[in-house]
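Visitor: here is a sequence together with a model predicted from it:
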Amino acid sequence: MEGEIMSIDKRIDYLTTELIHELGTMEIEEIQEFRTEVMRELDTFKRPELVKVYINRVIDLVIQKKQEKARAAI
């Protein structure tokens, strides 16, 4: 993907996929710590509220899936 010109939609899709993949490698507690750190950085750099809402929603969905998977394994 490096060097290619991507549309905004494709970049968002790519970054979302990367974020989900990375979160998928973490335990729920690590994800919560990650969320705290990312939200702090987004506030520090004054990123739009929509960005924070979007990232929080992705994190919530990953945690939900992990919880569902854990319950199903019982």
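Guide: Everything's here; your move. If you're wondering where the values come from, they're calculated on a predicted model, not measured in any experiment. Residues are numbered from 1 along each chain as shown.

Visitor: pLDDT weak spots in this structure?
Guide: Under the criterion pLDDT under 70, the flagged ranges of the chain are 1-4.

Visitor: tell me which stretches of it form helices.
Guide: In the chain, the helices defined using DSSP state H lie at 8-24, 28-44, 49-72.

Visitor: turn these into TSV, columns for mean neighbour count.
Guide: Backbone N, C-alpha and C define where each C-beta goes, glycine included. Shown next, in TSV, are the helices of the chain (neighbours: other Cβ atoms under 10 Å):
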stretch	mean neighbour count
helix 8-24	12
helix 28-44	13
helix 49-72	12
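
Visitor: from I59, how far out is E27?
Guide: Remark: distance between E27 and I59 (Cβ to Cβ, to the nearest Å) = 13 Å.

Visitor: over to S7?
Guide: Distance from S7 to I59, counting by Cβ to Cβ: 25 Å.

Visitor: cool, I28 as well?
Guide: Distance, I28 to I59, by Cβ to Cβ: 10 Å.

Visitor: check T16 too.
Guide: According to Cβ to Cβ, T16 stands 11 Å off from I59.

Visitor: try Q32
Guide: Separation of Q32 from I59 (Cβ to Cβ): 8 Å.

Visitor: E22 too?
Guide: Per Cβ to Cβ, E22 is found 11 Å from I59.

Visitor: surely L19 touches Y54?
Guide: No: with contact defined as Cβ atoms under 8 Å, L19 does not count as touching Y54 (9.8 Å).

Visitor: overlap in contacts, these two.
Guide: Common contacts of L19 and Y54 (Cβ atoms under 8 Å, 6 or more residues apart in numbering): none found.

Visitor: which residues touch K10?
Guide: Counting by Cβ under 8 Å, 6+ apart, there are no residues that K10 touches.

Visitor: start the count at 30, not 1, going forward
Guide: Understood, numbering begins at 30; the last thing we discussed is K39.

Visitor: next, give phi and psi for E56.
Guide: phi -80, psi 160 (degrees, to the nearest 10).

Visitor: neighbours around it, how many?
Guide: Neighbour count for E56, taken as other Cβ atoms under 10 Å: 9.

Visitor: straight-line length of stretch 51-62, end to end?
Guide: Using Cα to Cα, to the nearest Å, the end-to-end distance of stretch 51-62 comes to 14 Å.
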